[in-house]
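A.B. asks: turn this into a model:
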Amino acid sequence: MQSGQSLTATVTAVLCLAIASMFTTPVDAAVITWGAVDGTDAISDISTSGILVTAVNAGGASNQTVNGVTFVTSNTAPLGMAASGMLIGTVAGFSAGDPIFNMLNSVSFGGGTGTTSINLAVTNGLMYQIQLFYADRRNGNESRVMRYGDGNGNNVDVLGGTNAGNVMGRNVLGTFTAIGSTQTITMAPQGFGNSHINAYQLRLIPTPTALLAGLTLMGLLAMRKRD
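C.D. replies: Purely as a prediction, here's the structure:
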């Protein structure tokens, strides 16, 4: 059996490696692998994978809980200005008063016609899922498209208007493994005045490697207690 002193040194080494990994901050944001863009027409469209890190009702006046996920109001954040009335009447069976409708009925906008970005706090080396929502069914905005990206040239176009069909806008999921303490999300309106986002959430996705490391560390700590 390892001596208490030897085991303590081992545990310390493991912890030091973990902490060094967490606080290593490369210059570039991680590459996001985007999935297919999907219509938002059901509560089940809100992802519940992994563990919630943050969920934001962008531009919303109050928190909205959808599919067990509470999207916290951000007032005008993250883009500086807010508006409501993105949805009109009843859409996909939902109307004013339904949390999912309320969440997508408001929007945060700003940044002008160019590309703007937000930075999300993450932990280096961990895997995450990001979900972005865009909806704008106002008359005259039928074909509006927002282009979201990771700052590395990996972009996805999301159609938010009525041309998207009988849906409350559309949403997209992306996954990435963090390579620093922040993850960039870029936004660029395609032919109109400002970037828009209605809601977003960031979720931590446990991986076998992370779970194994955690179990190993727990085992070492348990052995130390027995010495």
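A.B. asks: what helices and strands are in contact with the helix or strand encompassing residue 130?
C.D. replies: Assigned by DSSP states H and E, residue 130 belongs to strand 127-134. Applying 3 or more Cβ pairs under 8 Å, 6 or more residues apart in numbering; DSSP states H and E, one finds that strand 127-134 contacts strand 155-159, strand 170-177, strand 182-189, strand 195-197, strand 199-205. In short, each C-beta sits where N, CA and C put it, glycine included.
A.B. asks: go through stretch 137-157 and flag the buried ones.
C.D. replies: Residues 137, 138, 144, 145, 146, 148, 149, 150, 151, 154, 156, 157 are the ones in stretch 137-157 that count as buried (16 or more other Cβ atoms under 10 Å).
A.B. asks: restrict it to CA atoms and write it as CSV.
C.D. replies: Extracted in CSV, the C-alpha atoms of stretch 137-157 (Å, rounded to 0.1, in the frame of the first residue of the first chain):
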residue,chain,number,x,y,z
ARG,A,137,-42.1,36.9,-37.9
ARG,A,138,-43.0,40.5,-38.2
ASN,A,139,-44.5,41.6,-41.6
GLY,A,140,-41.8,42.5,-44.1
ASN,A,141,-39.1,40.3,-42.4
GLU,A,142,-40.2,37.0,-43.9
SER,A,143,-36.7,36.1,-45.3
ARG,A,144,-34.4,37.6,-42.6
VAL,A,145,-31.4,35.4,-41.9
MET,A,146,-28.9,35.6,-39.0
ARG,A,147,-25.4,34.2,-39.5
TYR,A,148,-23.9,32.8,-36.3
GLY,A,149,-20.4,31.5,-36.0
ASP,A,150,-17.4,30.7,-33.7
GLY,A,151,-14.9,33.4,-35.0
ASN,A,152,-13.0,30.7,-36.9
GLY,A,153,-15.0,30.8,-40.1
ASN,A,154,-17.4,28.1,-39.1
ASN,A,155,-20.8,29.7,-39.6
VAL,A,156,-24.4,28.7,-39.8
ASP,A,157,-27.3,30.6,-41.3
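A.B. asks: for residue 182, state which of the buried residues of stretch 137-157 is nearest.
C.D. replies: Nearest to residue 182 among the buried residues of stretch 137-157 is residue 151, at 10.5 Å by Cβ to Cβ.
A.B. asks: test my guess that that closest one contacts residue 116.
C.D. replies: No - contact criterion Cβ atoms under 8 Å: residue 151 and residue 116 do not qualify, at 11.2 Å.
A.B. asks: got any ranges where this protein has weak pLDDT?
C.D. replies: Within the chain, the ranges that satisfy pLDDT under 70 run 1-28, 209-214, 216-217, 227.
A.B. asks: repeat the analysis, applying 50 as the threshold.
C.D. replies: 1-27 (pLDDT under 50).
A.B. asks: show me where it has its helices.
C.D. replies: Counting by DSSP state H, the segments of the chain that form helices are 4-22, 99-105, 208-226.
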